[in-house]
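**Student:** fold the following and give me the result.
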Amino acid sequence: MIGVVLVLCLLPNPVSDGYSEAGRRAYLAGDYERAHRFYEAALGQPGVSKAHVFYNLANCSFRLGRYAEALLHYRCAQRRMPGDREIEWNLSLTRQRLGVLSEVSPSLATRLLAHLDAVSPRTMLGIIFTLQTLGLLGLVLVHGHRGARALCLAASLTGLVLAVRVVAVHEFPGPPEAIALDQVSLRTEPHATQPVAVELEPGQAVQVIEMSDRWAHVVTPDGEGWVERGGIGIVD
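**Tutor:** Now for the predicted structure:
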């Protein structure tokens, strides 16, 4: 049964652009390396569904045995499709292959915020505008009905809270997450001659404080330090 589910969850999602279609054909033919190249090219196409392309990239990486890379792409897809069961299943399977402990299950509030953050800014602004307009118009036009006025006030306040959330996420984002793509040395300073504090294992998640062309300052459960930029992939 698990084998059947594995096959189902590793089928590529259909995406409409030409590169993704070529990638799908290559994937179904078992040429995962070629499919991976097509999907990488698809990421640069305007209007493409990056969530599905990242998912397809992850499936290719998994099939090729590049599990840390697959974990990175699944996380990129999950940021755009929070709560997707196939992505969660494949993430769990990939972490098993890497020997990485699964993350603590997020709370309901965290899941709801993830869904909100995955909504495009344009769509969210439309929702905020609608809530604010309906709420304020209702407060002005509705008289003598406490229940209706309470609903209008709630709509207006919800719009305000969503507006604050949009500003917080897009103007003051937290440190980005990154995934170690191989065994990476965490050093005390951004120099190859500095002593190694700890070795990060492939698939280990870290938080990035700052980056240069060669080095990244990261925080790990074992402390903070510097790793070579090429050894990690940013979850974007």
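**Student:** so which residue of this protein lies furthest out from the middle?
**Tutor:** Taking Cα atoms, centre = their mean, the residue of the chain most remote from its mean C-alpha position is G144, at 47.2 Å.
**Student:** SS state for that one?
**Tutor:** coil (DSSP: H, G, I helix; E, B strand; the rest coil).
**Student:** cool, and I179?
**Tutor:** Secondary structure state of I179, per three-state DSSP, is strand.
**Student:** ranges for the strands of this structure?
**Tutor:** Applying DSSP state E to the chain gives strands spanning 177-180, 184-187, 196-200, 205-211, 215-220, 223-228, 232-234.
**Student:** wait, which of these is closest to T94?
**Tutor:** Taking Cβ to Cβ, strand 177-180 is the member of those nearest to T94, at 10.5 Å. (Glycine included, C-beta is placed from N, CA and C.)
**Student:** name every strand pairing with the closest one and say which way it goes.
**Tutor:** Counting by DSSP bridges, the strands paired with strand 177-180 are strand 205-211 (antiparallel), strand 232-234 (antiparallel).
**Student:** could you dump those to CSV with mean pLDDT, mean neighbour count and distance to Q96?
**Tutor:** Output for these, formatted as CSV (pLDDT from 0 to 100; neighbours: other Cβ atoms under 10 Å; distance: least, Cβ to Cβ, whole Å):
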stretch, mean pLDDT, mean neighbour count, distance to Q96
strand 205-211, 93, 16, 15
strand 232-234, 96, 19, 20
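**Student:** now render the ones you listed as CSV, adding distance to A148.
**Tutor:** Listed next are the strands paired with strand 177-180 as CSV, based on distance: least, Cβ to Cβ, whole Å:
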stretch, distance to A148
strand 205-211, 46
strand 232-234, 48
